[in-house]
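**Student:** Here you go, sequence then predicted model.
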Amino acid sequence: MESTRNHLVLVVDDIPDNITMLTAHLRTKGYRTISANDGIEAVKLATNDKPDIIMMDINMPRMNGLDACQQLKERADTKLIPIILVTANSEVKDIVRGFEVGADDYLIKPYNYMEMLARVRSMLRIWDAQQELMRVNQALDELNQNLEKKVMEQVLELERVNRLRRFFSPQIVNTITSENSEQILGEHRREITVVFLDLRNFTSFSEKALPHEVIETIRELHQLVGPIIFRYRGTLERFTGDGMMVFLGDPEPMEDHPNQSVKMCIEIRDKVENLRSTWAKKGYNLALGIGVATGEASLGTIGFEGRLDYAAIGVVTNLSARLCSKAKGGQILISENTFDKIKNDFKTVPRGEIELKGFSSSPQVFEVTEAI
């Protein structure tokens, strides 16, 4: 038996014997059938049961086949169903009229059994192709909608990340957007190296300079120093007016953070020294002091709803800040702990014990001059 894909055929005729004969022929080939005796019933069945093809007589009571065909072709839910008009009228004008109201094919009575089956198969091939095309188009539409949704989600995520990058260092942003951000940003202790940068003579400069000169000078410093900090994978915790606090070794673990921190400070010092010549031409007597300390700190998010920071808190932070306050322009002062970890890679000069505010004892301090 030829494959019929279990198609449903609606047979419409006002003569019961014609319905019986046609449905019998169709069923021997595996088609399912339903039947109607006039156009009104045909429209109702076609609307409710959605047959795959309709074979409809023209001359019927209540509603003829032409009117029924026209109604079905005007409906959105039935207009694609192929309709074969089955009639004894072979006049050209009547056939033309049938095509005008939407008929897809004609079968003239008395018809040949094999011809009828061939016309049905032909119409169903077209019907199946239309249905497959509709399924493919629907699948493509769904795919496009999903793709558009995913693209929009990615665009929004990129916009969110880019907004975050305006306020946080890349390490913090990458951590915030990672799957295990809560675990990484949770409270913990870790050894880090903290760096404080601060301009000397900035207070007196800001008192005398115009507002736009003060802001422009700070921007020049930040634009010069910022990329260097990020290149060394430093976490910029905060801006402190004319200075910055940076730490290395968290949230991205870094085994050689003391070494990398000192390298970063040397590069920053040298770059700012070049910038000083530009400032000097404008009459600005500014220079950068740097303090570096290595030790354990408590790390995690602090703040309140709507405004959070990722912070490093502990003696190491205070020590770095105090060393920075003691550093002269162009000087990098480091703690003894940092010195012990980098002494084989950098030239240093011991500066002895220096009294630092807030510390009960005076720690040993070293100045870094250059890399070995």
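**Tutor:** That came through fine. Numbers count the residues shown, from 1 in each chain.
**Student:** C-alpha from now on. contacts and neighbour counts both.
**Tutor:** Fine.
**Student:** Can you name the residues that contact the closest residue to Ala280 other than its chain neighbours?
**Tutor:** Leaving aside its chain neighbours, Ala280 sits nearest to Leu286 (7.9 Å; criterion: CA to CA, 6 or more residues apart in numbering). When contacts are counted by CA atoms under 8 Å, 6 or more residues apart in numbering, Leu286 is found next to 199-202, 276, 279-280, 329.
**Student:** among the residues you listed, which are in helices?
**Tutor:** Cross-referencing the contacts of Leu286 with the helices (criterion: DSSP state H) gives 202, 276, 279-280 as the overlap.
**Student:** With respect to Val225, which of those residues is nearest?
**Tutor:** Arg276 (13.3 Å; CA to CA).
**Student:** Kindly export whichever helix or strand Arg189 is part of (C-alpha atoms) in CSV.
**Tutor:** Counting by DSSP states H and E, the element that carries Arg189 is strand 188-200. Coordinates of the C-alpha atoms in strand 188-200 are reproduced here as CSV (Å, rounded to 0.1, in the frame of the first residue of the first chain):
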residue,chain,number,x,y,z
HIS,A,188,38.3,35.7,54.1
ARG,A,189,41.9,36.4,55.1
ARG,A,190,44.8,36.3,52.7
GLU,A,191,48.2,37.7,52.3
ILE,A,192,48.3,40.6,49.9
THR,A,193,50.5,43.5,49.0
VAL,A,194,49.0,46.9,49.5
VAL,A,195,50.1,50.0,47.6
PHE,A,196,49.2,53.6,48.4
LEU,A,197,50.0,56.4,45.9
ASP,A,198,49.7,60.1,46.8
LEU,A,199,50.8,63.4,45.3
ARG,A,200,53.1,65.6,47.3
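**Student:** want to throw the ones in helices among the contacts of Leu286 into JSON lines with pLDDT?
**Tutor:** Putting the ones in helices among the contacts of Leu286 into JSON lines (pLDDT from 0 to 100) gives the following:
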{"residue": "Phe202", "pLDDT": "93"}
{"residue": "Arg276", "pLDDT": "90"}
{"residue": "Trp279", "pLDDT": "92"}
{"residue": "Ala280", "pLDDT": "91"}
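**Student:** Turn these into TSV, columns for distance to Asp141 and neighbour count.
**Tutor:** Converted to TSV, those look like this (distance: CA to CA, whole Å; neighbours: other CA atoms under 10 Å):
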residue	distance to Asp141	neighbour count
Phe202	62	20
Arg276	61	17
Trp279	61	15
Ala280	65	11
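**Student:** Save those residues as CSV, and put in distance to Arg269 too.
**Tutor:** Below are these laid out as CSV (distance: CA to CA, whole Å):
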residue, distance to Arg269
Phe202, 16
Arg276, 10
Trp279, 15
Ala280, 16
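**Student:** Name the nearest of the residues you listed relative to Ala371.
**Tutor:** The shortest approach to Ala371 among the ones in helices among the contacts of Leu286 belongs to Arg276, at 21.9 Å (CA to CA).
**Student:** Break the protein into its domains for me.
**Tutor:** Under automatic domain parsing, the residue ranges defining each domain of the chain are 8-136, 179-371.
**Student:** Could I get the contacting residues of the closest residue to Ile192 other than its chain neighbours?
**Tutor:** In space, and not counting its chain neighbours, Ile192 is closest to Gly249: 5.0 Å by CA to CA, 6+ apart. Residues near Gly249 by CA under 8 Å, 6+ apart: 191-193, 234, 255, 257.
**Student:** Now Arg121: phi and psi?
**Tutor:** Summarising the backbone geometry of Arg121 under the convention degrees, to the nearest 10, its torsions are phi -60, psi -40.
**Student:** Need the pLDDT of it.
**Tutor:** The predicted structure scores Arg121 at 88 on the pLDDT scale.
**Student:** and what of Leu299?
**Tutor:** Leu299 is assigned a pLDDT of 89 by the prediction.
**Student:** buried stuff in whichever strand or helix holds it?
**Tutor:** When secondary structure is defined by DSSP H and E, Leu299 falls within strand 287-304. Buried residues in strand 287-304, counted by 16 or more other CA atoms under 10 Å: 287-300.
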